[in-house]
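>>> please find the sequence and the predicted model below.
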Amino acid sequence: MNAYIPIALYLLLFAMALFAPPRWAVIGYLLLSNIDIGSQNASIGALNTAKAMILPVFLLWRFRPYAGHGRLTAAPVIWLLLTGYVAIASMWTLYPSYALKLVGHLLGSLLIAMMLLRASKGGYITIRTVVMVSIGTLAIAAAHWFLLHDWGGEPDRFSTFADAQSFAAFVTALYCAIITSRSLSVLVRFTLGASLVLSVLLNGSRTWLIGLLASSLLAIFVSQVRSWVKLMSFVLTLMTGTVLIAEFTSIMGWVAEASGSNRIARAVSDAYAGNYKSSGLGTLKLRQTLFRRTVAGIESSTPMELMFGHGTCNGAQIAATISKNPDPNRALHDEWLRALYEWGIVGLVLWLAFIASLVHYSLRAIRGGGDYAQPLFTYLPAFAIGLSGENIIAGAGNAVSLGLLMLIALASVSYRLADRAELLRDRSSAGFGPPARNFQPAFRESH
């Protein structure tokens, strides 16, 4: 009976995305990323296909009044080039069906990005949208924890009806949007931000906790707080580190007591005790072995393999020496290494160019000002760290990809404002229109 609850929730959110008013349709679609039941069986896996491909097409049509674009940006062009090369590298793969699936995921993510960008033009993706999605995500996670604690095979991890790592990534994206907002009250930012941090701690994702901390420090530095606040943040960080060193033995005693109920505490305790084979360190040993063998495979590559790669999804051959029947799209647990091993220098350059294009896009968006520019920029360090621990690009419509695409859509609001301000400055310098200093953004967040 309980197994039908996530399916019922999926259908409810799917219907919300189909029939609700536009703003609530977007909220429903973003919340839908928290329901991932494709691993149960093939027929249920079709629900994820509908979420990743069919529903975005419908919403793209629904937001057709906001079609069209201004200046062409580099990110989608590079993404299409990367997708094309992944398809080319599929010509020498040993896993053609999985390679085709990856190409579908890449195209699906682009489709979802186009849909969310249109929604942002209509004013349907705002900080208030992020607040509603944050509350909904925490509510779904609480329902999973208290009502279906054993669902999904990871009962010790706080999560929604999705993979625990994906949940941590999505929450980190929401956190970056909340803490950098200037339109939300301090109370809302503190309460909701603390709740999101707590959910990552209870989730136990070590990778995304490190990423969240890195994003927090970057958020402080790009904020408009006074210099002494930024300085105090570093001083407090240094003092905390000093206390941890001075009282390390006492602290480790407390951590050992807490290690029975939390993966992060268990990992710290086991590492301190030198027990690197324990369950507390999760897949650390597996990842280290994969890393060493993948690097060895790259070092032994022929010049052709080094330049053009071993073939899409062929990294599964390395993983197969360690585990049985690995998923070829999630075998290496490291997108950076996967790009170099499977797609060679050509693929790695395209992948790095895409990441660089996101950095450029977010920096240009910051010039537009407002609440929408900084979330993407502050999230990128966490995203880069997450890429080193998981294979996440083969996941159109899942929580990881939607977290990133949501922040890109938010940043697009400020990006368009920066473009418009530049246009007005050019017109003003040419003797047309009002002076640029009188420019006021046309966009206003609806209440």
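Cool, got the structure.

>>> where does the closest residue in space to residue 52 that isn't next to it in sequence land in three-state SS?
Excluding its sequence neighbours, the residue lying closest to residue 52 (Cβ to Cβ, 6 or more residues apart in numbering) is residue 397, at 3.3 Å. For glycine as for every other residue, the C-beta is placed from the backbone atoms N, C-alpha and C. Under DSSP: H, G, I helix; E, B strand; the rest coil, the three-state class of residue 397 is coil.

>>> okay, residue 397: pLDDT?
Looking at residue 397, its pLDDT stands at 86.

>>> any idea how far it is from residue 63?
Residue 397 sits 17 Å away from residue 63, taking Cβ to Cβ, to the nearest Å as the criterion.

>>> okay but residue 367 is in contact with residue 418, surely?
Yes. If you go by Cβ atoms under 8 Å, residue 367 and residue 418 touch, sitting 4.4 Å apart.

>>> quick one: which of the two has more around it?
Each of residue 367 and residue 418 has its neighbours counted (other Cβ atoms under 10 Å); residue 418 has more, 18 against 14.

>>> now do the contacts for that one.
Residues counted as contacts of residue 418 (Cβ atoms under 8 Å, 6 or more residues apart in numbering) are 364-365, 367-368.

>>> do the same with residue 291
Here residue 291 is in contact with 334, 337 (Cβ under 8 Å, 6+ apart).

>>> need the next SSE after the helix or strand where it lies, C-terminal direction.
Assigned by DSSP states H and E, residue 291 falls within helix 284-299. Next in sequence after helix 284-299, counting helices and strands by DSSP H and E, comes helix 303-308.

>>> how far out from the middle of the chain is that next one?
A distance of 30 Å separates the centroid of the chain from that of helix 303-308, by Cα atoms, centre = their mean, to the nearest Å.

>>> burial of the residue nearest to residue 52, as a residue count?
Neighbours around residue 397, by other Cβ under 10 Å: 25.

>>> just use 51 as the starting number from now, easier for me
Sounds good: first residue 51 from here, last item residue 447.

>>> pretty sure residue 240 sits in a helix.
Yes. According to three-state DSSP, residue 240 belongs to a helix.

>>> give me the number of residues near it?
Neighbours around residue 240, by other Cβ under 10 Å: 13.

>>> so what pLDDT did it get?
Residue 240 carries a pLDDT score of 90 in this model.

>>> could you pull up phi and psi at the closest residue to residue 376 other than its chain neighbours?
Excluding its sequence neighbours, the residue lying closest to residue 376 (Cβ to Cβ, 6+ apart) is residue 369, at 3.9 Å. The phi and psi values for residue 369, taken as degrees, to the nearest 10, are phi -60, psi -30.

>>> can you tell me how far residue 369 is from residue 336?
Taken as Cβ to Cβ, the span from residue 369 to residue 336 is 9 Å.

>>> can you give me the helices in the stretch 51-200 of the chain?
All helices of the stretch 51-200 of the chain, identified by DSSP state H, counting those that start in this stretch, fall at 54-69, 72-82, 92-99, 105-112, 124-139, 146-171, 177-197.

>>> name the stretch among those helices that sits most buried.
helix 72-82 (a mean of 23; mean count of other Cβ atoms under 10 Å).

>>> circling back to that earlier point, possible to save the contacts of residue 468 as CSV with pLDDT?
Compiled in CSV, the contacts of residue 468 are given as follows (pLDDT from 0 to 100):
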residue, pLDDT
414, 87
415, 86
417, 79
418, 74
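
>>> ok, of the residues you listed, which come out buried?
414-415, 418 (16 or more other Cβ atoms under 10 Å).

>>> which strand or helix spans the nearest residue to residue 445 once chain neighbours are set aside?
In space, and not counting its chain neighbours, residue 445 is closest to residue 451: 5.2 Å by Cβ to Cβ, 6+ apart. Assessed by DSSP H and E, residue 451 sits inside helix 449-479.

>>> convert stretch 258-272 to CSV, retaining C-alpha atoms only.
Output in CSV follows, covering the C-alpha atoms of stretch 258-272 (Å, rounded to 0.1, in the frame of the first residue of the first chain):
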residue,chain,number,x,y,z
TRP,A,258,27.4,18.2,-1.2
LEU,A,259,28.1,19.3,2.4
ILE,A,260,31.6,20.4,1.3
GLY,A,261,30.0,22.1,-1.7
LEU,A,262,27.5,23.8,0.4
LEU,A,263,30.2,25.2,2.7
ALA,A,264,32.2,26.4,-0.3
SER,A,265,29.1,28.1,-1.8
SER,A,266,28.4,29.8,1.6
LEU,A,267,31.8,31.4,1.7
LEU,A,268,31.5,32.6,-1.9
ALA,A,269,28.1,34.0,-1.1
ILE,A,270,29.5,36.1,1.7
PHE,A,271,32.2,37.5,-0.6
VAL,A,272,29.9,38.4,-3.4
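
>>> low-confidence stretches in the stretch 301-450 of the chain?
Along the stretch 301-450 of the chain, the model assigns pLDDT under 70 to residues 301-334, 420.

>>> 80 instead?
301-338, 373, 417-421, 439-442 (pLDDT under 80).

>>> could you dump the contacts of residue 468 to a markdown table with distance to residue 167 and secondary structure?
Below are the contacts of residue 468 laid out as a markdown table (distance: Cβ to Cβ, whole Å; DSSP: H, G, I helix; E, B strand; the rest coil):
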| residue | distance to residue 167 | secondary structure |
| --- | --- | --- |
| 414 | 15 | helix |
| 415 | 13 | helix |
| 417 | 18 | helix |
| 418 | 15 | helix |
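
>>> who's more crowded, residue 369 and residue 336?
Per other Cβ under 10 Å, whichever of residue 369 and residue 336 has more neighbours is residue 369, with 22 against 14.

>>> show me what the helix or strand where residue 391 lies is packed against.
Assigned by DSSP H and E, residue 391 belongs to helix 385-418. Contact here means 3 or more Cβ pairs under 8 Å, 6 or more residues apart in numbering; DSSP states H and E; on that basis helix 385-418 packs against helix 124-139, helix 334-349, helix 353-358, helix 424-437, helix 449-479.

>>> and the fourth one, what does it pack onto?
The helices and strands touching helix 424-437, judged by 3+ Cβ pairs under 8 Å, 6+ apart, are helix 214-229, helix 256-272, helix 385-418, helix 449-479.
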